[in-house]
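Engineer: no letters, just coordinates:
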């Protein structure tokens, strides 16, 4: 995934939810002029950087003759943390588990820890410390391992299907800690629900602060969640509920921006 600095990443995240409302017009929004907010947040500098890297595109609104900025598909994916939950949940599963098994001597613990870190980064589930699995093909993992001469040739990759009556749901719950994953989503949902109770932020700075906190909570969810195909998800899984709540919250913010713009 492309790397950008933290402030630009937050700015990109901001645009993910409000891009089509952010234009170069002069109007008063959320208790502060857009120009004032844009100057303080380094808006134009970040816009130029994101356009140059093709994460952002712009055009002229034919009715208002004002420039409107929108994220490209690459920009949206980057703002989502490199994985689109809807795409990941909606993908098909072919019924095969991809297993990674390894037995690295204890005196080579550095290699063992590095391999486990790579497996976690690729959202593998852990059945045992040396037995990991994923529902997805291993091309991306293989490419990563092949680039690391230390970790190469220390593991075996297999495609397998249960053959002794094992239940898919039991395998999923054994490999990933969905109790912990749901705790993270529950915290995120509670934060979002507070928006309905307290109302949308009343200034651009408060909006930015709110988005930053929401981003932290959402990233904590994704850090733990493998985003399995929907057919593999536990019945009590909260990820899709959290996402739906998130969309409603962002729509509330969008409506707030649109309403204050109309009054200007």
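Structural biologist: Right, received. Where do you want to start? These numbers come from a predicted model, not from an experiment.

Engineer: am I right that residue 130 is in contact with residue 105?
Structural biologist: No. Residue 130 lies out of contact with residue 105 (Cβ atoms under 8 Å); the separation is 11.7 Å. C-beta: built from backbone N, CA, C; applies to glycine.

Engineer: among the two, which residue is more densely surrounded?
Structural biologist: More crowded of residue 130 and residue 105, by other Cβ atoms under 10 Å: residue 130, with 15 against 9.

Engineer: name the residues of stretch 50-64 that are buried.
Structural biologist: 50, 55, 56 (16 or more other Cβ atoms under 10 Å).

Engineer: secondary structure element for the first one?
Structural biologist: Using DSSP states H and E, the secondary-structure element containing residue 50 is helix 43-52.

Engineer: output the contacting helices and strands for that helix.
Structural biologist: Applying 3 or more Cβ pairs under 8 Å, 6 or more residues apart in numbering; DSSP states H and E, one finds that helix 43-52 contacts helix 6-18, strand 56-60.

Engineer: following the last one in sequence, what is the next regular element?
Structural biologist: Heading C-terminal from strand 56-60, the first helix or strand you meet, by DSSP H and E, is strand 67-71.

Engineer: so after that following strand, what's the next helix or strand?
Structural biologist: helix 73-79.

Engineer: output the contacting helices and strands for that following helix.
Structural biologist: Counting contacts by 3+ Cβ pairs under 8 Å, 6+ apart, helix 73-79 packs against helix 6-18.

Engineer: now, among the buried residues of stretch 50-64, which is nearest to residue 92?
Structural biologist: Minimum distance to residue 92 across the buried residues of stretch 50-64 is 28.9 Å, recorded for residue 55 (Cβ to Cβ).

Engineer: wait, which of the buried residues of stretch 50-64 is closest to residue 78?
Structural biologist: Of the buried residues of stretch 50-64, the one sitting nearest to residue 78 (Cβ to Cβ) turns out to be residue 55, at 6.0 Å.

Engineer: distance check, that closest one against residue 73.
Structural biologist: Distance of residue 55 to residue 73, computed by Cβ to Cβ, to the nearest Å: 10 Å.

Engineer: pLDDT weak spots in the stretch 1-150 of the chain?
Structural biologist: Where the stretch 1-150 of the chain drops to pLDDT under 70, the residues are 1-15, 17-44, 67, 144-150.

Engineer: can you pull out the helices in the stretch 151-264 of the chain?
Structural biologist: Using DSSP state H, counting those that start in this stretch, the helices of the stretch 151-264 of the chain run over 168-175, 178-198, 204-224, 239-263.

Engineer: hey, least reliable of the ones you listed by pLDDT?
Structural biologist: With a mean of 79, helix 239-263 has the lowest mean pLDDT of these.

Engineer: quick one: that helix to helix 178-198, angle?
Structural biologist: In terms of direction (axes from the mean of the first three to the mean of the last three Cα atoms, to 10 degrees), helix 239-263 departs from helix 178-198 by 20 degrees.

Engineer: packing partners for helix 239-263?
Structural biologist: Applying 3+ Cβ pairs under 8 Å, 6+ apart, we find helix 239-263 packed against helix 6-18, strand 28-29, helix 85-90, helix 178-198, helix 204-224.
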